[in-house]
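S.K.: Structure for the following, please:
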Amino acid sequence: MPPTDPYYAFHWKNQTRWMTTDHVCNWFGIECDESRDVTGIVMQGNTLHGNIPTHIALLTRLSTINMYLNEITGTLSSELGMLKDLVVLNISRNEITGTIPTKLYQLKFLKFLDLSTNRLVGTVPSEIANFTNMEYLDLGANDLSGSIPTNVGLCTTLRTLYLYHNKINGTLPSEIGSLTSMESISIYANDLTGSIPTSIGMCTQLTYLALNGNKITGT
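M.R.: All right, here's what the predicted structure looks like:
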């Protein structure tokens with residue numbers, strides 16, 4: 001999805017002012033601050049094609065990327081981890097492949113991450129503990145495997161955790177009971193085993209829990 005390529009822009013649903021002499025802040029889907037630095041790319045459902053260009057990292061003031069429901073392909077570049085001000089990253093419902101770059105877990109201010117319904121592989125790494133401000137994390141409907149790292153319990157600001165429809169195995173870690181702000185957990189349709197840890201009772205704000213379609217035992 002090279003933003004300077006007129007071929008791609010021509011096929012978008014809305015390409016208002018793109019590839020014109022207007023200031024970039026006037027282009028459709030671009031948000032800017034008072035200094036006219038680009039702070040947001042909001043282009044959900046706009047038939048974007050191709051991959052996310054690595055030079056997106058040059059937009060150092062970006063706080064929001066929303067490219068939900070497009071036709072983006074390729075892999076997630078590690079350059080996304082250079083966007084230190086990023087708060088919202090939503091690239092769900094695309095055709096992205098490969099693994100989640102480790103550098104993405106270095107984004108300290110990230111609160112909303114939705115990479116669901118793509119073709120991502122790999123594991124949920126222990127670096128997830130770096131998400132100290134994360135509130136909404138959705139990695140569902142991919143092809144992720146491995147176990148849920150125990151240090152997920154360090155993500156104490158999490159309110160929503162969605163890992164449904166993957167190939168995640170192992171047990172549900174007892175450390176999940178440390179997530180006392182948690183409101184919604186969906187890890188259905190995986191390969192979890194063992195029993196539901198009693199510590200989940202510490203999640204007093206929890207209103208939704210979906211673990212069906214696993215191999216969990218006990219009552």
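
S.K.: going on from the worst-scoring helix or strand of the chain on mean pLDDT, what's the next piece of helix or strand?
M.R.: Across the helices and strands of the chain, mean pLDDT, DSSP states H and E gives its lowest value to helix 6-10, namely a mean of 51. Where DSSP states H and E defines the elements, the next helix or strand beyond helix 6-10 is strand 30-32.

S.K.: who does that following strand pair up with?
M.R.: Sheet pairing for strand 30-32, assigned by DSSP bridges, gives strand 38-42 (antiparallel).

S.K.: What separation is there between Y162 and S184?
M.R.: 8 Å (CB to CB, to the nearest Å). For every residue, glycine as well, the C-beta is placed using N, CA and C.

S.K.: These two: which is more packed in?
M.R.: Neighbour count, other CB atoms under 10 Å: between Y162 and S184, Y162 has more, with 19 against 16.

S.K.: The more buried one is in contact with L139, isn't it?
M.R.: Yes - Y162 is within contact range of L139, at 6.9 Å (criterion: CB atoms under 8 Å).

S.K.: Which residues are in contact with each of those two?
M.R.: Common contact partners of Y162 and L139 (CB atoms under 8 Å, 6 or more residues apart in numbering): S116.

S.K.: Verify the stated contact: G146 with I128.
M.R.: No - judged on CB under 8 Å, G146 makes no contact with I128 at a distance of 11.6 Å.

S.K.: Settle it for me: which of these two has more neighbours?
M.R.: The residue with more neighbours, out of G146 and I128, is I128; 20 against 14, by other CB under 10 Å.

S.K.: pLDDT weak spots in this structure?
M.R.: Scanning the chain for pLDDT under 70 picks out 1-10, 219.

S.K.: to the chain's geometric centre, what's the distance from stretch 52-68?
M.R.: Relative to its chain's centre, stretch 52-68 lies at 13 Å (CA atoms, centre = their mean, to the nearest Å).

S.K.: brain fart, stretch 138-149
M.R.: Using CA atoms, centre = their mean, the offset of stretch 138-149 from its chain centre is 12 Å.
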